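A.B. asks: Give the three-dimensional model of this entry:
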Amino acid sequence: MPSFVSIVEWMLTISVFISVFANYLIINKLWKRKHLRDVAESVSISAALLGIATAAPLLAYFVMKGETELVVKNSVGILTGVLFILIGTGIWVRSNRGVPIGRLMLRALRLEREESSYLIKSMTRPKGAEHIIHILELIAKLDNEVHETEMNLLNEFADRWHIDRSKLKVGQVDHDGVELEVRDAVRGYLELSPPHEQAAQLMDVLNLFVRADADVSNEERIVLEELTGLIEHYVEEDTLERRTYEVLIVPQSQEQFEAAEAILPGCEIKERRGGNVISVGTFFSHDYAEAVCQKYISLGLFTAQVAG
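C.D. replies: A predicted model of the protein is given here:
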């Protein structure tokens, strides 16, 4: 019987072949249309550059470790990124013949920058627009600093939807408790019963906004994961099964029970083996649920998460 390590190594080898084939299929579709201007302009050079920047250090590490399969997989990813960049510059577009590739790349990046707010502009004033502005304001605070790019996006939303501009200021801000507040804000927005298409668009907007400053912090990643699960659950309703994580406070004394009730007025009390527990809530992200646990543990309350 093969060992677990052997099985993993076999699966890794298979995944390399699948990765190579998948990248071939992606490039093959673009390659036969590389001379079309619309196809060239549809490729994001910035995304390809970020992908290469992420893969290059991993490639160097795997080369030093002698991990052949992972070296091949990352090399294919980098090669795919290079081909994406070349296609995105429009080097094969007939009207661009004779133009230096450096100039083509600068032109493509300039066009991409001009189109960066297309998603915002294409999203007409949605139901609960004020709620969305508030959600974005909270997300801007997550990394303890409001960046100029985030403010520009916020104000573009506000102008587009004829809402008063955000009162946030660029610079350092207090983000204590924002992780929980932004989730409550999204739940409040979904309670307005927006059309599913608009709610799905909100996921795209949140992803765009979190990446506006080109640096996704760990807090932003965790919150975005939770908000994505929350919105997907609303959009897909009962058709999408997702693992959930319930956070429970397990009071060790009557005093702790009363303290927990004071912190969470109107909380749900459940009976479990050994006594009563207090349900803080059910979450879609393991990391987010763990962060909630730590919040109450820091208050001296025994808290745990239970997978649903």
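A.B. asks: how about the longest helix along the chain: buried residues?
C.D. replies: When the chain is parsed with DSSP state H, its longest helix is helix 4-31. Going by neighbour count (16 or more other C-beta atoms under 10 Å), the buried part of helix 4-31 is 16, 19-20, 23, 27, 30. Every C-beta, even on glycine, is put in place using the N, C-alpha and C of the backbone.
A.B. asks: likewise stretch 57-75?
C.D. replies: Neighbour-count burial for stretch 57-75 [16+ other C-beta under 10 Å]: 58-59, 62, 67, 69-74.
A.B. asks: chain center to it: distance?
C.D. replies: 26 Å (C-alpha atoms, centre = their mean, to the nearest Å).
A.B. asks: Tabulate the CA atom coordinates of stretch 224-240 in CSV.
C.D. replies: Output of stretch 224-240 as CSV, limited to C-alpha atoms (Å, rounded to 0.1, in the frame of the first residue of the first chain):
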residue,chain,number,x,y,z
LEU,A,224,-13.1,40.1,2.5
GLU,A,225,-13.3,36.3,2.8
GLU,A,226,-16.2,36.7,5.3
LEU,A,227,-18.0,39.3,3.3
THR,A,228,-17.7,37.2,0.2
GLY,A,229,-19.3,34.2,2.0
LEU,A,230,-22.0,36.4,3.4
ILE,A,231,-23.0,37.9,0.0
GLU,A,232,-22.7,34.6,-1.9
HIS,A,233,-25.0,33.0,0.7
TYR,A,234,-27.6,35.8,-0.1
VAL,A,235,-27.1,35.6,-3.8
GLU,A,236,-27.3,31.8,-4.1
GLU,A,237,-29.7,31.4,-1.2
ASP,A,238,-30.2,27.6,-0.5
THR,A,239,-28.5,26.4,-3.7
LEU,A,240,-25.0,26.9,-2.3
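A.B. asks: Show me which residues of that stretch are buried.
C.D. replies: 224-227, 229-235.
A.B. asks: ok, and what's touching it?
C.D. replies: Contact with stretch 224-240 is made by 182-183, 186-187, 190, 196, 199-200, 202-203, 206-207, 210, 216, 242, 283-285, 287-288, as judged by C-beta atoms under 8 Å, 6 or more residues apart in numbering.
A.B. asks: next one: stretch 48-63
C.D. replies: Under C-beta under 8 Å, 6+ apart, the answer for stretch 48-63 is 70-71, 74-75, 77-78, 81-82, 84-85, 88.
A.B. asks: Okay, domains of the protein per the record?
C.D. replies: 4-115, 118-239, 245-307 (automatic domain parsing).
A.B. asks: tell me how far the ends of the last one are from each other?
C.D. replies: The one in question is domain 245-307. 4 Å (C-alpha to C-alpha, to the nearest Å).
A.B. asks: roughly how far out does it sit from the chain middle?
C.D. replies: With C-alpha atoms, centre = their mean, you get 27 Å for domain 245-307.
A.B. asks: Let me see the contact set for Leu264.
C.D. replies: 249, 278, 280.
A.B. asks: Nearest to Arg272 among those residues?
C.D. replies: Ile278 (10.4 Å; C-beta to C-beta).
A.B. asks: C-terminal to the lowest-mean-pLDDT helix or strand in the chain, what's the next element?
C.D. replies: Across the helices and strands of the chain, mean pLDDT, DSSP states H and E gives its lowest value to helix 118-122, namely a mean of 56. Later in the chain than helix 118-122, the nearest helix or strand by DSSP states H and E is helix 129-141.
A.B. asks: List the neighbouring strands of the helix or strand following that following helix plus their orientation.
C.D. replies: Once the chain leaves helix 129-141, the next helix or strand it forms, by DSSP H and E, is strand 145-146. Strand pairing for strand 145-146, determined by DSSP bridges: strand 171-172 (antiparallel).
A.B. asks: which other residues reach the following helix or strand past the strand it pairs with?
C.D. replies: With elements assigned by DSSP H and E, the helix or strand that comes after strand 171-172 is helix 178-190. For helix 178-190, contacts defined as C-beta under 8 Å, 6+ apart pick out 128, 131-132, 134-135, 138-139, 141-142, 199, 202, 219, 222-223, 226-227, 230-231, 234, 288, 291-292, 295.
A.B. asks: No further queries at this time; thank you.
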